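[1] got a structure for you, letters missing:
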Ligand SMILES: *Cc1c(COP(=O)(O)O)cnc(C)c1O
């Protein structure tokens, strides 16, 4: 038996590499919160909200407990409830449609366009009914959905557009930042997002002052004045500790996003020079977009072979997402069937993620593409 050289594993996302150069600053932020012994709301949260709003080109930001709760909070403030329909993509993380169900409303799915994996604006209008109360485009993998036609349909039919920007903070469409184009945008600070906390966190950004005020009240059990409850909300607060850490990390976000874009270019060059170039589809940068590569997604007819080879070589990969939301057991009451969303179903079978994080090295990228080549040749 031949002994092959064992290489150091390459993770899908290396958060240790991100921490190392900024550890001192993060530790100082944590210590400041510890010293204050004020863990709920306070100036760290207000300061981070101000910074994040400005970063997202929005007038207001409401920090909250997670990206999932950000969707819930925004939909609550928009008054979504039983009898309402909300349109979104079946090719997204569960939370997008989960928030709709949690409010007793009905999710209507619209298939994706295969190049960008986002909701297909051409199929949107026929899904709108008299009950439609919101459209939620998801800016999947870090690239913004085709917002102009989506906003146009929304305007014409009187339906607000809520952006699920959990994977897209800092991404742009004609210079407009993710979250700034619709009635509001939701963000997630889950550790593996481009701006990740040291735990859960989320935010809603908006230019609508009245909506922001509603969300601030809903976030603290509907009490604008303590113990005086005008509406039923929840505990959707952003931890002070997370806000302090995220303020530090936000200063690096543009550099990190630029580094991810550089790695995407490198992957494209390495793959196009490989003998398997014709057997794999690399991410398309659509016109007018600034893609921030939360994930670098490739497509292949023999995707499962890629998963096997990567596993055997210690290279991180994942399938986002293996099952369309229309086929999830918990949504069977919605009445969808296999075959209803062919582009989503194809993407579920054909795509997987390559390692992508700002500190990825050229050597690591070469090893990844070598493994991809071995899998697809
Ligand atoms: C991560 C994510 C969410 C949920 O965010 P959490 O902070 O994990 O609750 C929602 N939508 C999309 C598209 C996501 O990727």
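    Good, I have the coordinates. The structure presented is a predicted model; accordingly, all values stated were derived computationally and were not measured.
[2] Quick check: closest non-adjacent residue to residue 249.
    Closest residue to residue 249 apart from its sequence neighbours, by C-beta to C-beta, 6 or more residues apart in numbering: residue 195 at 5.9 Å. All C-beta spots, glycine's among them, are computed from the backbone N, C-alpha and C.
[3] What is the burial count for whatever residue of the stretch 51-200 of the chain ends up closest to the ligand?
    The stretch 51-200 of the chain approaches the ligand most closely through residue 67 (2.4 Å), counting by C-beta to the nearest ligand atom. When neighbours are counted by other C-beta atoms under 10 Å, residue 67 registers 27.
[4] Report the beta-bridge partners for the residue nearest to it when sequence neighbours are not counted.
    Once flanking residues are discounted, residue 67 sits nearest to residue 188: 2.5 Å by C-beta to C-beta, 6+ apart. Note on residue 188: beta-bridge partners residue 202, judged by DSSP bridges.
[5] now residue 119
    residue 112.
[6] Report pLDDT for it.
    pLDDT recorded at residue 119 is 98.
[7] what's the answer for the one 3 residues further on, then?
    Here, the pLDDT recorded for residue 122 equals 97.
[8] List phi and psi for it.
    With angles defined as degrees, to the nearest 10, residue 122 sits at phi -70, psi -20.
[9] burial of it, as a residue count?
    So residue 122, with other C-beta under 10 Å, has 13 neighbours.
[10] before we move on, what about residue 15?
    14.
[11] Grab the nearest non-local neighbour of it.
    Residue 15 sits nearest to residue 191 (C-beta to C-beta, 6+ apart), 6.1 Å away.
[12] What does that neighbour show for phi and psi?
    phi -50, psi -30.
[13] Next up, the contacts around it.
    For residue 191, the contacting residues are 15, 197, 198, 199, by C-beta atoms under 8 Å, 6 or more residues apart in numbering.
[14] quick one: which of those has the most company?
    Most neighbours among those, by other C-beta under 10 Å: residue 197, with 22 neighbours.
[15] what about that residue, is that helix, strand or coil?
    coil (DSSP: H, G, I helix; E, B strand; the rest coil).
[16] from what I can see it touches residue 242, true?
    Yes: counting by C-beta atoms under 8 Å, residue 242 is a contact partner of residue 197 at 4.2 Å.
[17] what do the two both touch?
    Between them, residue 197 and residue 242 share the contacting residues residue 189, judged by C-beta under 8 Å, 6+ apart.
[18] In CSV: the contacts of residue 191, plus distance to residue 158.
    Listed next are those as CSV, based on distance: C-beta to C-beta, whole Å:
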residue, distance to residue 158
15, 43
197, 36
198, 42
199, 39
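[19] What is the burial count for the residue nearest to residue 67?
    Count around residue 188 with other C-beta under 10 Å applied: 31.
[20] ditto for residue 38
    12.
[21] Report pLDDT for the closest residue to it other than its chain neighbours.
    Excluding the flanking residues, the one nearest residue 38 by C-beta to C-beta, 6+ apart is residue 240, at 6.4 Å. With respect to pLDDT, residue 240 has a value of 98.
[22] cool, and residue 6?
    Value for residue 6, per-residue pLDDT: 61.
[23] what sits against the residue nearest to residue 38?
    Counted by C-beta under 8 Å, 6+ apart, residue 240 has contacts 33, 38, 39, 40, 41, 42, 44, 45.
[24] if you set the cut-off to 10 Å instead, what comes out?
    Counting by C-beta atoms under 10 Å, 6 or more residues apart in numbering, residue 240 touches 32-33, 36, 38-45, 48, 63.
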